[in-house]
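Novice: sequence first, predicted coordinates after that:
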Amino acid sequence: MKQMLLKMDSVAASYKGFEVLKDISLTMIRGEKLCIVGKNGSGKTLLVEILAGKRDAESGIIEKGDSRIAIIQQTERLIKSWSVAENIFLTDGRAVINSRKLNKNTFRLLEKYNIPLEPHQNLGEVSEGYKKIIEILKAKQSSANLLILDSVMDIFEDRELLVLRKVLDDMKQEGASILVLNQKYDDLFDSFDRLFILHEGRLAKVYFKGELAKSRHIDSCVENNAKLRKGLSRYKGRRVLTLRNINVEPLLQNMSFSVFGGDIVGVYNTNPKMNDVLLGILTGRRRDYGGSVFVNMKPVFIDSVSKAVASGIGFLLDYSGESPLFARMTPAQNMYLPILKKISWKGTVITNRMEQFISDECNAILGIEGSALALGDRSVDKSLELKLIMNKWVLKDSHVIVMNNPVMGADGKVKTELFNLMEQAAEMDKGILFITENLQDIMSICNRLIVVDDGRVVYDGNVEGYVNG
């Protein structure tokens with residue numbers, strides 16, 4: 001039987017005269033990873049203070065067993081004048097140490113988790129996310145067997161989240177338990193054993209490990225508002241595109257946002273020139289920017305369209321512009337061109353049998369006949385063109401498809417066709433970044449809206465929230 005580290009039975013507590021926690025019952029055993037998700041004011045911090053011994057519960061029973069608790073919060077608890085190595089391995093007493101051995105042990109630890117820091121590095125040079133990871137490593141080295149993370153998930157950048165996942169998995173393997181409290185759902189929690197929704201002072205709902213990845217409505221449970229469900233249903237897959245602190249003076253200033261798998265995100269700029277700058281960064285035409293770009297949680301520097309495509313970005317640009325398709329190729333050839341190396345022999349030769357099979361499959365998808373006819377020899381309307389381009393990027397297994405005014409000047413039929421294609425791509429876990437000057441188009445299809453004004457993101461949330469606000 002596994003050892004119990006924490007048990008709460010009917011715990012209740014108040015804050016400033018208001019009853020915040022009403023009936024909290026929870027048991028944690030060794031080697032479990034649990035998460036509690038609740039909006040601001042739901043009682044997460046009060047619960048942590050009770051577990052830390054800073055406050056007493058007014059009723060109920062709390063048993064901590066043989067738990068050695070370490071709590072990581074937004075407040076920094078590291079010593080700024082110490083190095084990375086000293087903060088991980090030394091206590092506040094700072095006994096006499098062997099610096100060479102200390103740095104050697106730290107180097108091994110940093111190398112194990114692929115952390116881009118040096119043992120002797122000053123803490124002032126370390127990002128906020130890696131500072132929290134240092135705190136966690138310190139807790140790990142001090143043999144803490146119950147780690148509690150309180151509302152710190154938003155601090156981590158994409159590459160830091162990869163490190164965090166590895167560290168938490170190792171602690172779990174070593175028998176420690178992890179309890180994360182957060183305001184919203186994160187794809188990191190898909191690997192957790194249980195996830196609880198904290199609502200109105202109670203643990204209102206629980207998801208088990210097999211259910212987490214399938215549940216796309218956790219945030220709507222947190223908000224307890226059925227009207228928001230459509231806008232939040234997809235928003236929490238893997239991060240397929242992240243822009244972090246993007247600066248292009250004077251047009252963009254510290255612009256940051258992420259696109260998730262299954263997300264359809266509309267970007268509305270009050271200054272149309274900002275759209276050109278944003279698109280220039282993603283296509284490699286603009287390289288004079290500060291900040292970082294991540295595709296599928298990996299850092300990339302895009303210096304050309306081919307680099308963008310290779311990293312996992314597909315494009316559907318201005319509807320009124322020149323077609324990106326090849327007139328001398330058949331529709332099928334246009335579709336499978338990006339995956340030529342995967343389906344050909346030695347990357348160059350496709351057998352007649354394979355070509356016929358692919359042509360039949362592609363034509364079935366597109367709903368057309370005449371597999372041998374090139375695009376230039378057939379009537380190609382804009383609906384067919386959109387189908388070709390979208391399916392091309394789906395076949396390429398692009399992580400995110402970037403669109404720039406794709407239906408500018410198009411009729412209602414073409415818009416409907418594109419919106420259906422966008423929905424289908426999102427269902428396949430592709431992220432869609434929909435850049436347009438038409439706010440009505442964003443309202444029609446997007447589940448998230450990003451509004452940029454004067455170079456800064458002034459709104460990032462569900463579409464209904466912006467309309468109603």
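Specialist: Okay, I see it.

Novice: and the strands in the stretch 51-200 of the chain?
Specialist: 59-63, 69-72, 146-150, 177-182, 194-199 (DSSP state E, counting those that start in this stretch).

Novice: for the shortest one, give me every contacting residue.
Specialist: Counting by C-beta atoms under 8 Å, 6 or more residues apart in numbering, strand 69-72 makes contact with 48, 51-52, 132, 135-136, 139, 142, 144, 146-150, 152, all of which sit outside it. The way it works is simple: take the backbone N, C-alpha and C, and place the C-beta from them, glycine included.

Novice: which of those sits closest to Arg100?
Specialist: Nearest to Arg100, judged by C-beta to C-beta, of the contacts of strand 69-72 is Ser142 at 21.6 Å.

Novice: show me the shaky parts of the stretch 301-450 of the chain.
Specialist: 318-384, 395, 407-412 (pLDDT under 70).

Novice: can I take it that Val206 is in a strand?
Specialist: Yes: assignment of Val206 by DSSP: H, G, I helix; E, B strand; the rest coil places it within a strand.

Novice: where among the strands of the stretch 51-200 of the chain is the average confidence lowest?
Specialist: Mean pLDDT is lowest for strand 194-199 among the strands of the stretch 51-200 of the chain, at a mean of 86.

Novice: just to revisit the earlier point, output the strands of the stretch 51-200 of the chain as a markdown table; include the columns distance to Gly41 and mean neighbour count.
Specialist: Output for the strands of the stretch 51-200 of the chain, formatted as a markdown table (distance: least, C-beta to C-beta, whole Å; neighbours: other C-beta atoms under 10 Å):
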| stretch | distance to Gly41 | mean neighbour count |
| --- | --- | --- |
| strand 59-63 | 20 | 13 |
| strand 69-72 | 20 | 20 |
| strand 146-150 | 14 | 23 |
| strand 177-182 | 13 | 24 |
| strand 194-199 | 10 | 20 |
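
Novice: want to throw those into TSV with distance to Glu128?
Specialist: Formatted as TSV, the strands of the stretch 51-200 of the chain follow (distance: least, C-beta to C-beta, whole Å):
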stretch	distance to Glu128
strand 59-63	31
strand 69-72	12
strand 146-150	14
strand 177-182	16
strand 194-199	25
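
Novice: please tell me how far Leu147 sits from Cys35.
Specialist: Going from Leu147 to Cys35 by C-beta to C-beta, to the nearest Å gives 12 Å.

Novice: the strands in the stretch 201-350 of the chain, which residues?
Specialist: In the stretch 201-350 of the chain, the strands defined using DSSP E, counting those that start in this stretch lie at 202-208, 239-248, 252-260, 264-269, 290-295, 298-300, 313-316.

Novice: overlap of the contact sets of Leu147 and Cys35?
Specialist: Leu179.

Novice: skipping its backbone neighbours, what lies nearest the most centrally placed residue in the chain in space?
Specialist: Central residue of the chain (C-alpha atoms, centre = their mean): Arg239, 3.0 Å from the mean position. Distances taken as C-beta to C-beta, 6 or more residues apart in numbering put Ser258 closest to Arg239, at 4.9 Å, once the chain neighbours are dropped.

Novice: and what of Asn40?
Specialist: Gln183 (6.1 Å).

Novice: which residues are in contact with the one you found?
Specialist: Residues near Gln183 by C-beta under 8 Å, 6+ apart: Val37, Gly38, Lys39, Asn40, Lys44, Ser151, Asp154, Val222.

Novice: buried ones among these?
Specialist: Among those, the ones that count as buried by 16 or more other C-beta atoms under 10 Å are Val37, Gly38, Lys44, Ser151, Val222.

Novice: what is the burial count for Thr106?
Specialist: Burial measure for Thr106: 26 neighbouring residues, criterion other C-beta atoms under 10 Å.

Novice: residue contacts, it?
Specialist: Listed by C-beta under 8 Å, 6+ apart, the contact set of Thr106 reads Val84, Ala85, Ile88, Phe89, Pro119.

Novice: try it again with 6 Å
Specialist: By C-beta atoms under 6 Å, 6 or more residues apart in numbering, Thr106 lies in contact with Ala85, Ile88, Pro119.

Novice: which of the residues you listed fall in helices?
Specialist: Among the contacts of Thr106, the residues falling in helices (DSSP state H) are Ala85, Ile88.

Novice: filter the contacts of Thr106 to the buried ones?
Specialist: For the contacts of Thr106, a neighbour count by 16+ other C-beta under 10 Å gives the buried set as Ala85, Ile88, Pro119.

Novice: residues contacting the first one?
Specialist: Translated: Ala85. Counting by C-beta under 6 Å, 6+ apart, Ala85 has contacts Leu102, Asn103, Thr106, Pro119.

Novice: check what pLDDT it gets.
Specialist: Looking at Ala85, its pLDDT reads 92.

Novice: repeat for Leu123
Specialist: So, for Leu123, pLDDT stands at 87.

Novice: quick one: which two of the buried ones among the contacts of Gln183 are the most distant?
Specialist: For the buried ones among the contacts of Gln183, the farthest-apart pair by C-beta to C-beta is Ser151 and Val222; their separation is 13.4 Å.

Novice: make JSON lines from the strands of the stretch 201-350 of the chain and add distance to Arg30 to it.
Specialist: Shown next, in JSON lines, are the strands of the stretch 201-350 of the chain (distance: least, C-beta to C-beta, whole Å):
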{"stretch": "strand 202-208", "distance to Arg30": "18"}
{"stretch": "strand 239-248", "distance to Arg30": "31"}
{"stretch": "strand 252-260", "distance to Arg30": "33"}
{"stretch": "strand 264-269", "distance to Arg30": "41"}
{"stretch": "strand 290-295", "distance to Arg30": "35"}
{"stretch": "strand 298-300", "distance to Arg30": "34"}
{"stretch": "strand 313-316", "distance to Arg30": "43"}
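
Novice: ok, which of those comes nearest Ile178?
Specialist: Closest approach to Ile178 among these (C-beta to C-beta): strand 202-208, 15.8 Å.

Novice: and that closest one, which residues are buried?
Specialist: Residues Arg202, Leu203, Tyr207 are the ones in strand 202-208 that count as buried (16+ other C-beta under 10 Å).

Novice: just stretch 394-401 next, same as before
Specialist: Quick answer for stretch 394-401 (16+ other C-beta under 10 Å): Val394, Leu395, Lys396, Ser398, His399, Val400, Ile401.

Novice: next one: the fifth one from Ile435, what distance?
Specialist: Read that as His399. Counting by C-beta to C-beta, the gap from His399 to Ile435 is 17 Å.

Novice: looking at the strands of the stretch 201-350 of the chain, which is closest to Leu26?
Specialist: Nearest of these to Leu26, taken as C-beta to C-beta: strand 202-208 at 6.6 Å.

Novice: next one: the closest one to chain centre, how far?
Specialist: 23 Å (C-alpha atoms, centre = their mean, to the nearest Å).

Novice: stretch 110-126 too?
Specialist: The answer for stretch 110-126 is 24 Å, by C-alpha atoms, centre = their mean.

Novice: and for stretch 263-281?
Specialist: Centroid separation between stretch 263-281 and its chain, computed with C-alpha atoms, centre = their mean, is 20 Å.

Novice: hmm, back to that, isn't the residue nearest to Arg239 up against Thr242?
Specialist: Yes: Ser258 is in contact with Thr242 according to C-beta atoms under 6 Å; the separation is 4.4 Å.
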